[in-house]
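A.B. asks: Sequence first, predicted model second:
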Amino acid sequence: MEVLALADHLGDDAIARRAQCIQNEIETKPGSHPFDEVLALCDYPHLLEQSETNSLFRGWGVSMSDLKKQLDDARSMGVVVRGLVVINPGNPTGHVLAEENQHEIVDFCRNEDLVLLADEVYQENIYTDEKEFHSFKKITRFMGYGEGDISLVSFHSVSNGYYGECGRRGGYMEVTGFNSEVKKQVYKVASLSSCSNISGQILMSLVMNPPQVGDESYTSYQAERDSILSSFARCAEAMVCTFNQLEGVTCSKAEGAMFVFPSVRLPKKAIAAAEECNTQPDAFYALRLLETTGIVVVPGSVFGQMHGTWHFRCTVLPQEEKLPLIISRFMAFHEVFMEEFRD
């Protein structure tokens, strides 16, 4: 039997409830900061960084050797690690995990007796022909693993994809691979909270059961869906192209989700100026960008990043007709900023 629960803050609740009973979850980094906030509330002391297995232009992935080392280091410190959080497609990196990498992650969790918590809320947002989205449940079943082989919690939401109904607060988690006693506790915990709002539940059911061929609304639905996703893809491509033209900036190809995550090599003078303000260098850059242009980006230091590197997350959501103006403002700002702090 599988458990399917509808609620407003399932990802947060699932981690928080587990952390109250056990010790730690691992999150690949860079990762979505709401997970960090929940884990921090539960005295979560050890966070794993996501490694780049290849160069920036070849994309992001999870290095299993690095992950194993971090796990061993945590255990040597007396930390009891119980789970691994993976966001695919990635936030903030905009990557889509290669299928082989997913196989490695599943085997890693199985061999290390870790619960796999799969945040898959951007599964509709795929912008490359080179990769496909595969749910971790699909991967585990394809590998021949059943209910008794691996514990998996999968998350989805109406807040993202082509529907983007953030205000409806609708989503679900599917709990598989746990024994009946654990599932009873999941139901018990869910029963302590109010149910998800009705409109959110209705929208989630529509996401899971979209119009099919032959339905009266299918043609218009498909046209609108394709139009939205195509616009996201074009915006992402334009942003990546722009960022890779800027001095000191490199950006991986946008594969999915709603973001691009450029790396920026900041001048030493800019880093020193940030330190004088008691601010992270990428946050200093992002704040200057906001003050100068009104453009909002999120500094990579919010999400976690390799030491000595600086990034910022930029969304692909701006209306397509407004993008040229945004790009021109960004390019002008960056040129002035780099000149002002040139070493």
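C.D. replies: Now that the structure is in, tell me what you want to look at.
A.B. asks: domain assignment for this protein?
C.D. replies: Following automatic domain parsing, the chain resolves into domains at 3-208, 218-340.
A.B. asks: Save these as a markdown table, and put in mean neighbour count too.
C.D. replies: C-beta here means a position set from N, CA and C on the backbone, and glycine is covered the same way. What follows is the domains of the chain, written out as a markdown table (neighbours: other C-beta atoms under 10 Å):
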| stretch | mean neighbour count |
| --- | --- |
| domain 3-208 | 18 |
| domain 218-340 | 17 |
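A.B. asks: Which of those domains comes out lowest on mean pLDDT?
C.D. replies: Comparing mean pLDDT across those, the lowest value falls on domain 3-208: a mean of 79.
A.B. asks: mind checking how far that domain is from the chain centre?
C.D. replies: Averaged C-alpha coordinates place domain 3-208 at 9 Å from its chain's average position (C-alpha atoms, centre = their mean, to the nearest Å).
A.B. asks: do stretch 243-260 as well
C.D. replies: Distance of stretch 243-260 from its chain centroid, counting by C-alpha atoms, centre = their mean, is 16 Å.
A.B. asks: these two touch, right, residue 247 and residue 338?
C.D. replies: Yes: if you go by C-beta atoms under 8 Å, residue 247 and residue 338 touch, sitting 5.2 Å apart.
A.B. asks: hey, what's residue 174 bridged with?
C.D. replies: Beta-bridge partners for residue 174, by DSSP bridges, are residue 4, residue 154.
A.B. asks: Use 46 as the first number for this chain going forward.
C.D. replies: From this message on, residue numbering opens at 46, which makes the last subject residue 219.
A.B. asks: Report the separation between it and residue 253.
C.D. replies: Distance from residue 219 to residue 253, counting by C-beta to C-beta, to the nearest Å: 11 Å.
A.B. asks: same deal with residue 338?
C.D. replies: Counting by C-beta to C-beta, the gap from residue 338 to residue 253 is 40 Å.
A.B. asks: now swap in residue 375 and tell me
C.D. replies: Applying C-beta to C-beta, the value for residue 375 to residue 253 is 37 Å.
A.B. asks: so what does the helix or strand hosting residue 230 touch, helix or strand wise?
C.D. replies: Using DSSP states H and E, residue 230 sits in helix 225-236. Applying 3 or more C-beta pairs under 8 Å, 6 or more residues apart in numbering; DSSP states H and E, we find helix 225-236 packed against strand 48-51.
A.B. asks: show me what contacts the residue nearest to residue 374 when sequence neighbours are not counted?
C.D. replies: Spatial nearest neighbour of residue 374, excluding adjacent residues (C-beta to C-beta, 6 or more residues apart in numbering): residue 338 at 4.4 Å. Residues near residue 338 by C-beta atoms under 8 Å, 6 or more residues apart in numbering: 374, 375, 377, 378.
A.B. asks: next one: residue 387
C.D. replies: Listed by C-beta under 8 Å, 6+ apart, the contact set of residue 387 reads 312, 314.
A.B. asks: And the strands in this structure?
C.D. replies: 48-51, 69-72, 126-132, 160-164, 197-202, 216-221, 294-295, 304-305, 308-309, 343-344, 357-360 (DSSP state E).
A.B. asks: Need the ones you listed in TSV (columns: distance to residue 174).
C.D. replies: Formatted as TSV, the strands of the chain follow (distance: least, C-beta to C-beta, whole Å):
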stretch	distance to residue 174
strand 48-51	32
strand 69-72	29
strand 126-132	22
strand 160-164	23
strand 197-202	24
strand 216-221	28
strand 294-295	22
strand 304-305	18
strand 308-309	25
strand 343-344	28
strand 357-360	22
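A.B. asks: what bridges to residue 163?
C.D. replies: With DSSP bridges as the rule, residue 163 is bridged to residue 131, residue 199.
A.B. asks: Please verify my assumption that it contacts residue 201.
C.D. replies: No: between residue 163 and residue 201 there is no contact under C-beta under 8 Å: 9.5 Å.
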